[in-house]
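Peer 1: Return atomic coordinates for the entry below.
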Amino acid sequence: MKLLWPERYPLYDLMVHRATVGEAAFESEHQSNPHDPSLAEWPEEYFDWPGIWFDAWPDDLACKTVAIDPSKGKDSKPGDPSAIVRFGVSWQGIEYVEADIRLRTVDVICGAAAAHVKAFRPDELYLEPTAFQELMAAPLRAALTAADVECLIDLSQDNTNKVVRIRRLTEALCQRRMRFKARSPGTQALVQQLMVFPNGDHEDGCDALEMARRLAIKLLRNGGR
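Peer 2: This is a model prediction of the structure:
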């Protein structure tokens, strides 16, 4: 529980109030969270344990990927942010995640993705080939060329329902194998999306994380780098 105004609402008083009005009403009134935690896919303790946040990326990872959810497809809503996720997995099976989530145009998305590829040097980049994303492949390749960086782009499609796909993250979250980049606003936004999934306003970061993770699993099964 976060004490947003400890001088006026001490912890004990808040706990009594939560027990009286119920968790959903309490979250909306006192935690600036209108979502009912009981309706979320995963319990809050999946995102609140020592070691879930990491400071620096490990040097030697078994596989590294980047995935883009541009949020420009037919199901996207006005104001949906785009998400670029860096994903890495260690030889011991620990998964590392960093997200860049913000509103931006297609050209800016492509430029940002190229910058992430240049800095992160992933084994492969994932762009889901929906109708709009296929049109985005050409400017993305142009942005990579302009940044003087090469990276294979995976355009394979998974027709599984998005909510079902994102639920594939359950095992890693439950087993505490997934770590998130500390002091990263985009990564914090991603964790917030995960905490309220599937009832949040945005799922772009969750979707990009699932895609980046799926690509890494595919590459490792095919022999890695």
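Peer 1: okay, CA-based contacts and neighbour counts for the rest of this
Peer 2: OK.
Peer 1: give me phi/psi at residue 148?
Peer 2: phi 60, psi 50 (degrees, to the nearest 10).
Peer 1: Likewise for the one 4 residues further on?
Peer 2: When quoted as degrees, to the nearest 10, the phi and psi of residue 152 stand at phi -70, psi 140.
Peer 1: what's the answer for the one 5 residues further on, then?
Peer 2: Backbone geometry at residue 157, expressed as degrees, to the nearest 10, gives phi -110, psi 140.
Peer 1: ditto for the one 5 residues further on
Peer 2: The phi/psi pair for residue 162 (degrees, to the nearest 10) reads phi -60, psi -40.
Peer 1: And for the closest residue to it other than its chain neighbours, the neighbour number?
Peer 2: Excluding the flanking residues, the one nearest residue 162 by CA to CA, 6 or more residues apart in numbering is residue 207, at 7.3 Å. Residue 207: 25 surrounding residues under other CA atoms under 10 Å.
Peer 1: swap in residue 54?
Peer 2: The number of residues packed near residue 54 is 15, by other CA under 10 Å.
Peer 1: can you check residue 219 too?
Peer 2: For residue 219, using other CA under 10 Å, the count is 18.
Peer 1: Is it correct that residue 85 is in contact with residue 102?
Peer 2: No. Residue 85 is beyond contact range of residue 102, at 11.7 Å (criterion: CA atoms under 8 Å).
Peer 1: Look at these two and report which has more neighbours.
Peer 2: residue 85 (32 against 19).
Peer 1: Helix, strand, or coil at the more buried one?
Peer 2: strand (DSSP: H, G, I helix; E, B strand; the rest coil).
Peer 1: quick one: secondary structure of the nearest residue to it once chain neighbours are set aside?
Peer 2: Distances taken as CA to CA, 6+ apart place residue 99 nearest to residue 85, at 4.4 Å, with adjacent residues excluded. Secondary structure, three-state DSSP: residue 99 is strand.
Peer 1: Under the pLDDT cut-off, which ranges of this structure? List them.
Peer 2: Applying pLDDT under 70 to the chain picks out residues 1-36, 72-79, 131-134, 224-225.
Peer 1: which parts of the lengthiest helix in the chain are buried?
Peer 2: Taking DSSP state H as the criterion, the chain has its longest helix at helix 204-221. Residues of helix 204-221 classed as buried by neighbour count (16 or more other CA atoms under 10 Å): 204-216, 219.
Peer 1: Kindly export that helix (C-alpha atoms) in CSV.
Peer 2: Taking only C-alpha atoms (Å, rounded to 0.1, in the frame of the first residue of the first chain), the coordinates of helix 204-221 have been written out as CSV:
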residue,chain,number,x,y,z
ASP,A,204,0.8,-2.3,-25.9
GLY,A,205,3.8,-3.0,-23.6
CYS,A,206,2.4,-6.4,-22.6
ASP,A,207,1.9,-7.3,-26.2
ALA,A,208,5.4,-6.2,-27.2
LEU,A,209,6.9,-8.1,-24.3
GLU,A,210,5.1,-11.3,-25.3
MET,A,211,6.3,-10.9,-28.9
ALA,A,212,10.0,-10.3,-27.8
ARG,A,213,9.9,-13.2,-25.5
ARG,A,214,8.3,-15.5,-28.1
LEU,A,215,11.0,-14.6,-30.6
ALA,A,216,13.7,-15.3,-28.1
ILE,A,217,12.2,-18.8,-27.4
LYS,A,218,12.0,-19.4,-31.1
LEU,A,219,15.6,-18.5,-31.6
LEU,A,220,16.9,-20.6,-28.7
ARG,A,221,14.9,-23.6,-29.9
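Peer 1: Fine by me, we can end here.
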